[in-house]
Structure formats: C-alpha cells, structure tokens
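Participant: Predicted model, plus sequence, below.
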Amino acid sequence: MPLALKIYNTLSRQLETLEPKEPGKLGVYCCGPTVYDVPHAGHARSAVAFDVFVRHVRQSGVDVNYVRNITDVEDKILNRAKESCEEPLALSQRMTVVYQDDMAAIGCEAPNQQPKVSDHLPQIYEMIERLIANDAAYVLDRDDGKRDVYFAVRKFKTYGGLSRRKIDDLRSGARVEADQAKRDPLDFALWKGTTLEDWGWESPWGPGRPGWHIECSAMSCCYLGHDFDVHAGGMDLIFPHHENEIAQSEASTDGDRPMARYWMHNGFVNIDKEKMSKSLGNFVTVRDVLARNDPEGFRWFLLTVHYRGPLQFDSEKLDDGRVVFPGVDEAEGRVDYLYSVQSRLAELVALGGDAPKKEPPEIVRARQGSATALKNAIAALNDDLNTAVCLAELGELAKLGNDLCDLAKKRRKDAAFCGAASMQAATTQAAISEICGHIGLMWTPHDEFKQRSQAKRLALRGLQSSDMDAKVAARNQARADKDFARSDEIRDELAALGVSLKDAPEGTVWSIEV
RNA sequence: GGUGAGGUAGCCAAAUGGUUAGGCAACGGUUUGCAAAACCGUUAUACGCCGGUUCGAAUCCGGUCCUCACCUCCA
C-alpha cells in the first residue's frame, strides 16, 4: 500500500507523495550538528521536525533507517578547544553527549545510527580517491609542503541543481579566495593538509583533516548506499553544503542516479525577526529553555508552526528580572491541559459500566467528533507534516473529552449515560494517544508530569510545595469556619505568587502557572 | 547583483478559488460561598498596497511596497 504522506521536495520545489525505493523501508539521512557548543533552539527545531517525520512514517507501517551524523572534526571545534586548552575530540565528545541528552529531553528518539567523522576516515579516503580517479577532484601541492585535495566544481555539469544557482552567478558573487592556488574559486576542499600536531590524520595525501562536505557523502553512502530515499537538514544547508554533497556523491559513481530522491529542509528559528545563530550571538540554548519550561511544552511550541516556515522565538524580560518565553509558556499551558484531560478521561474509563441500548445523543456527537478530529489530525500530518493543524485537532479532541467528563459528572446518577460516556472516553483517550504517537507528545504519566512541571515552577519562584499545602490547609480551616474574608485573603496571597486554587468536592487542589 | 521565503484580526498561527481553522489575551454567560478550572458566546466577514481574471479571490494573474534568509560558518 502506498504511503498517503506528501512532502515538499526541495529538489523539485513541489509537494510529492513519498515513495520509498524499497516498499516498506525508508532510508533517511539528516545533517546533525557540529559539536563545538551546546545546542540552541534551532538545533531543537530541526531535530523535532525530523523526529516527527520519522515517527509519523513509522506509525504508517514503514521501517525507517534514520541516520543523523555528528560532525566532530571541524575548524570551529579546534578553535574552541584551543581557547579552553582541551583536546578537540574531548570537546566534541563532551558536546555530543549534551546534544544527545538535550534532544532526548525534548522527546526525540535516538536515530538508528549517529556516525561521527572521526570514526569514518577510511570511508572518506575511499570516496576522495574515487573522485580523483574519476577526474572530479585534484591534488594540490602547496608551497608549505602540505597537500590539499579539491573538488572541481566545473566538471560537475549539474552543479547548482538543488539550490537553483548558476555557476556563473556564483562566480560573480564569490568573494576573493585567499587561496589563489585553487584552479577555480568555486572549488571546495575535500582534504585540507595540516600537521598532525595541529590536529590531523595521516592520509594518502599526507596529514590533514577532511573538508566539511565530504563526511556526509561518505557516511550517507556507508549506511544508506547510493540513491537513498530522504536527505534532511536545515534550510541554511541547501547551499553550499547539500549542493556540494550532491556533487561529491554523484561524481563518485559512474551512474546518473541522484544521491537522494527527496530533500527536506526545515526553516529557521528567529529572534527579533532575525535568524538565531551562533555567529549573531542571539541564540537561546535548549538548556536556557528547559531551565524554565517543561520539555514537552517546548516541543509543543516547536510544533505550532509548519516546519518549513520561520519560527518566531520571543523572549521577554519581566519587571522582577526573570526572562520568559511567552510562546513556550503558552504551549506549556496547552500540554498541561492535554494531560489533565487525559487524566480525567482515564478516571471516567475506570468507572466502567454497561452500554445502554440506545446511545444518548451527546455521546453520538462526542463519538463522531472524535472520529473526525482523529482523521483530520492524521490527514494534516500526511499533508507535508502540518503539525499546526494536527495540534488544533488534538485540542479539539481534548475539548470533546473534557466536555464528556463534565457531562458524565453532571449526570453521574444516570448509569446508562455514564456507561456510554465511559466507553466513549476510552475511544477519545485512544485517539489522543494515537496522535501523540505520531508527533511524540504525552510520553510521561500524568502524575509525573504534574510533579515535574510544578516542581520546576515552584523552584523558579523560590517556593516549596509544603508551604503551599500549609496555606491550603489554613484556608480550608477558614472556609470550614465560614470565615470567607480570611480564606479569600489567603487565596489572594497565593494568587500573587502565581498559585491558583481549585475547590472541588474531593478537596482543594493548587496549581502554579508558568 | 543572483536565489529563495514571507507579509492573515490585540498577539501567535493554518487554510490556496465559494462553506467556523486553531490557540493566547480581553469581555460576557453556565458553574461556584466568592473564585479557579472546564464548557459556551463575543471581540472576528482578518488576509501589505494597486490593478486584472471570475458569478465569486486571502487564495489565480500582473504590478508595487515592506521584512527576512542564502550566495562566508550555520539546524
């Protein structure tokens, strides 16, 4: 059965039905980070976008082989390591762990393979040698005795196909290269000669380090072969990185098959309408966000915008000095809501009961509404991963579920109604879980989520859970004494701290806002 | 200069020719000792500007203004 999923293919600039080369299996290569610093919101967005893609495809019954590389050999790593007097590979190893931890924290499943450059030098040598043999690359002896290898861009006739750039346009815009020895300013390095002392590996061309692009060509080929299914990454990689990868990979074979058949690119995270990036210094790290917000709230926030569009990430400084992320706060509120609905539904399901002979009209509406919302949510994902619509449908489902719980509560003496409501609650609950399976949300038991998010919010305000319980007890005493002035006073006091109270028949529950 | 993305109600954000996107905020209602939460309703016939096509355009076409990104490292 063909997949219903359509994705936007940068190669064709069109929406295309995803058709794996081998039915039932999909090979995906995603460009991961250069690990010289902790990941920021942009890395998170990319990881989450493709995590949703992979999850959704897997839920559709396809076996996905998901490969995401770690660039652990690169000039920026070397420079940073020099500053901190650290071994470059020690630094990249440390940052790799941070990256993997942070991505796991926001619900991204670990890829099947996370290859590192430092483990794939032989594959890189092999590909460079093939390129030289195919006359697509040339060795250059430098004046200082070192040897570089360059890719000859003009020999690759379809160069610029992905980014729709013409070689001659590039040439006029290209900055003057410091290295005059290159045959053409557009040629890029496959191998950069260095000394072993200055971080390098012994290669067929002497000591040095690989160029930035060759690793992805070599490693994608190593794990997925030539002509694999999907290549993914950030939009900023389209040129020159992905363009160069295509040139290398395709020039290294004799055939005319493409390196990958679908190219997916996620949009940027912007701050003050400008791209968040290390070089601009306007980045917010994943850790900054998680110090304040719940990881599932952050993930929800990242999913509120279509993955190819820009994502506005605003921060605001409050009067008390705290820096907040209003969009993430709002998203966290939605996650909160969804969890509480799932919890209420679970209670209603646990009530059980028999189905009545005739289904009450309210239940019929709930059943139909749930079925429609579920269908729409999956259809939205199939339409180029429209997570914004998917979340809206999820919200609709939650609203229906909540309404159902309210109804069952109001009519708790009507056994037939409650039996029907309980059965419908199970269906709605399952629908919510199903959608969450596609987008990777709601992975925590409700109690744990509540505990986790409240503990963080209390800590940010320097409050203690036991203080809250004491206040609630004091207020309950005042209420029992009908001293409403005193009880309201306590409530106002708590409200000023961001803590709200809910008086229910089962007792008073407090909750703290983000 | 070349290439691309985008401008949608107070804010965030979908939909791509006709039928409510959704969320947040604000206000009103149901509920409550009063609240909170929840649900319902209102704000909201919104789509940068000017033309054109059409019975009908936020959606298609032409023009124009503005913002952002890539062409140097970037998710």
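Facilitator: Yep, that arrived.
Participant: contacting residues for whatever residue of the stretch 151-300 of chain A ends up closest to RNA strand B?
Facilitator: Closest contact between the stretch 151-300 of chain A and RNA strand B, by Cβ to the nearest atom of the strand, is at A:Gly234 (2.1 Å). Every C-beta, even on glycine, is put in place using the N, C-alpha and C of the backbone. Counting by Cβ atoms under 8 Å, 6 or more residues apart in numbering, A:Gly234 touches A:Cys31, A:Gly42, A:Ser46, A:His265, A:Asn266, A:Phe268.
Participant: what about 7 Å?
Facilitator: Neighbouring residues of A:Gly234 by Cβ atoms under 7 Å, 6 or more residues apart in numbering: A:Ser46, A:His265, A:Asn266.
Participant: Could I have the ChimeraX command that selects the buried members from these?
Facilitator: Selection of buried members from the contacts of A:Gly234 for ChimeraX, criterion 16 or more other Cβ atoms under 10 Å:
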select /A:46,265,266
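Participant: Can you flag which of the contacts of A:Gly234 belong to strands?
Facilitator: A:His265, A:Asn266 (DSSP state E).
Participant: now, which of the contacts of A:Gly234 lie close to RNA strand B?
Facilitator: A:Ser46, A:Asn266 (Cβ under 7 Å from any atom of the strand).
Participant: hang on, the earlier thing: measure the residue of the stretch 151-300 of chain A closest to RNA strand B to A:Ala392 for me?
Facilitator: A:Gly234 is 26 Å from A:Ala392, where distance means Cβ to Cβ, to the nearest Å.
Participant: again, but for A:Asp320
Facilitator: Using Cβ to Cβ, A:Asp320 is found at 34 Å from A:Ala392.
Participant: and what of A:His43?
Facilitator: A:His43 is 26 Å from A:Ala392, by Cβ to Cβ.
Participant: if you count what's nearby, which of those two comes out ahead?
Facilitator: Using other Cβ atoms under 10 Å, the more surrounded residue of A:His43 and A:Ala392 is A:His43, with 22 against 16.
Participant: so what secondary structure elements neighbour the helix or strand harbouring the more buried one?
Facilitator: Using DSSP states H and E, A:His43 maps to helix A:41-59. Packing partners of helix A:41-59 (3 or more Cβ pairs under 7 Å, 6 or more residues apart in numbering; DSSP states H and E): strand A:25-30, strand A:63-68, strand A:260-266, strand A:269-271, helix A:286-292, helix A:295-303, helix A:415-439.
Participant: what comes up buried for it?
Facilitator: By 16+ other Cβ under 10 Å, the buried positions in helix A:41-59 come out as A:41-58.
Participant: what inclination does it have with respect to helix A:415-439?
Facilitator: Counting by axes from the mean of the first three to the mean of the last three Cα atoms, to 10 degrees, helix A:41-59 lies at 120 degrees to helix A:415-439.
Participant: now helix A:41-59, how far from the chain's geometric center?
Facilitator: The gap between the average C-alpha position of helix A:41-59 and the chain average comes to 4 Å, counting by Cα atoms, centre = their mean, to the nearest Å.
Participant: between that helix and helix A:295-303, what angle do the directions make?
Facilitator: If you take the same axes, to 10 degrees, helix A:41-59 sits at 90 degrees to helix A:295-303.
Participant: Give me the angle between helix A:41-59 and strand A:260-266.
Facilitator: Interaxial angle of helix A:41-59 relative to strand A:260-266 (the same axes, to 10 degrees): 130 degrees.
Participant: quick one, helix A:41-59 and strand A:25-30 angle?
Facilitator: Interaxial angle of helix A:41-59 relative to strand A:25-30 (the same axes, to 10 degrees): 180 degrees.
Participant: Tally up the residues packed near A:Leu501, please.
Facilitator: 18.
Participant: A:Ala189 too?
Facilitator: 21.
Participant: Please apply the same query to A:Leu391.
Facilitator: By the criterion of other Cβ under 10 Å, A:Leu391 has 21 neighbours.
Participant: wait, what's in contact with it?
Facilitator: Listed by Cβ under 7 Å, 6+ apart, the contact partners of A:Leu391 are A:Trp300, A:Leu303, A:Thr304.
Participant: By neighbour count, which of these wins?
Facilitator: Highest count within these by other Cβ under 10 Å belongs to A:Trp300, 29 neighbours.
Participant: Tell me the spatial nearest neighbour of the residue of the stretch 1-150 of chain A found nearest RNA strand B, not counting adjacent residues.
Facilitator: Closest contact between the stretch 1-150 of chain A and RNA strand B, by Cβ to the nearest atom of the strand, is at A:Gly42 (2.5 Å). Nearest residue to A:Gly42 in three dimensions, chain neighbours excluded: A:Val269, at 4.6 Å (Cβ to Cβ, 6 or more residues apart in numbering).
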